[in-house]
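Chemist: Curious how this folds, go ahead:
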Amino acid sequence: MTKIAVIGVGHMGSAIIKGLVKSSPDNIIIGENPTNPRVNDLAQQLGFDLIDNLLDLNNLKPDIVILTTPAPLTLQVAKGLDLDKKTIIISAAAGVSYEDLHTTLPNNPVVRIIPNIPVSINSGTIGLFLPEDMESDIKVEIEDFLAQLGDIITVKEDQLSIVGTIAGCGPAFVDVFLDALGDAGVLNGLSRSVANKLAASMVKGSSSLAYDSPLAPAQLRDQVCSPGGTTIKGVVDLEKNGFRYSIISAINKANEN
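Modeler: Next up is the predicted model:
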């Protein structure tokens, strides 16, 4: 049985806890957060333990600690941790470097992640930075643990920002796309509920195919575009209206510091 503590039960902390509750029912899950009615209700709903101070957390001796605190508070929180040297620290705080975390917690294995909200249903995309000098068995343990929350994309630390932008902002962009597809369905006679379900199902299947296929997205697109067919006409209209450029521009804008 593994004891997992999530410090900071905001949007991301809540999402991670939801995913852990679903995938790790036999483990002990602890949330640490200042007293908050929303968090109290979530703890009752999901059945995880809730505490409101680091002293109690230290006394509980967790095996894994996940930091989902706001970046300006993260190092201050880390300084308050007094844990066994085997306790793994996973930081989901954007903008707090591995070097600063390791300096603050020199005796613990530390990694950085940038997850997205679908971790709540164990379908997240998780950017992961692992220090090169970390022992291989600890790396495997961390990867196995995170895999229960979704797909792991291991990158260099300076690439976490763009990974976080695509994985974190991308769902909102997809939601805009889904909404537009739904509107098109309604415009052409479908009910809103059917149009929305149709759009979501199509994106789910297409993304699963793209994830599992060795082909590039452009090659998958070409498989659907028959010469002179309806699909290529639609693709050309997307190009005419700057669809691809709009996506690239939106990612670049969201990734600005």
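
Chemist: Pretty sure L75 sits in a helix.
Modeler: Yes. When DSSP: H, G, I helix; E, B strand; the rest coil is applied, L75 is found to be in a helix.

Chemist: Tell me how many other residues crowd it.
Modeler: Using other Cβ atoms under 10 Å, L75 is surrounded by 19 other residues. (Each C-beta comes from the backbone N, C-alpha and C, glycine too.)

Chemist: OK, contacts around the nearest residue to it once chain neighbours are set aside?
Modeler: Using Cβ to Cβ, 6 or more residues apart in numbering and skipping the chain neighbours, the partner closest in space to L75 is T104 (5.5 Å). Listed by Cβ atoms under 8 Å, 6 or more residues apart in numbering, the contact set of T104 reads 75, 78-79.

Chemist: Dump those to TSV, plus distance to L128 and pLDDT.
Modeler: Below are the contacts of T104 laid out as TSV (distance: Cβ to Cβ, whole Å; pLDDT from 0 to 100):
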residue	distance to L128	pLDDT
L75	20	96
A78	19	96
K79	24	96
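
Chemist: ok, those vs D26, which is closest?
Modeler: Nearest to D26, judged by Cβ to Cβ, of the contacts of T104 is A78 at 28.1 Å.

Chemist: Now the closest one: closest residue in space that isn't a chain neighbour?
Modeler: Once flanking residues are discounted, A78 sits nearest to T104: 4.5 Å by Cβ to Cβ, 6+ apart.

Chemist: how near is the one you found to G8?
Modeler: Computed as Cβ to Cβ, to the nearest Å, the T104 to G8 distance reads 16 Å.

Chemist: C-terminal to the host helix or strand of V163, what's the next element?
Modeler: Per DSSP states H and E, V163 falls inside helix 160-164. Downstream of helix 160-164, the first helix or strand assigned by DSSP H and E is helix 170-187.

Chemist: all helices of the stretch 51-200 of the chain, in order?
Modeler: Using DSSP state H, counting those that start in this stretch, the helices of the stretch 51-200 of the chain run over 54-60, 71-79, 98-104, 136-147, 160-164, 170-187, 192-212.
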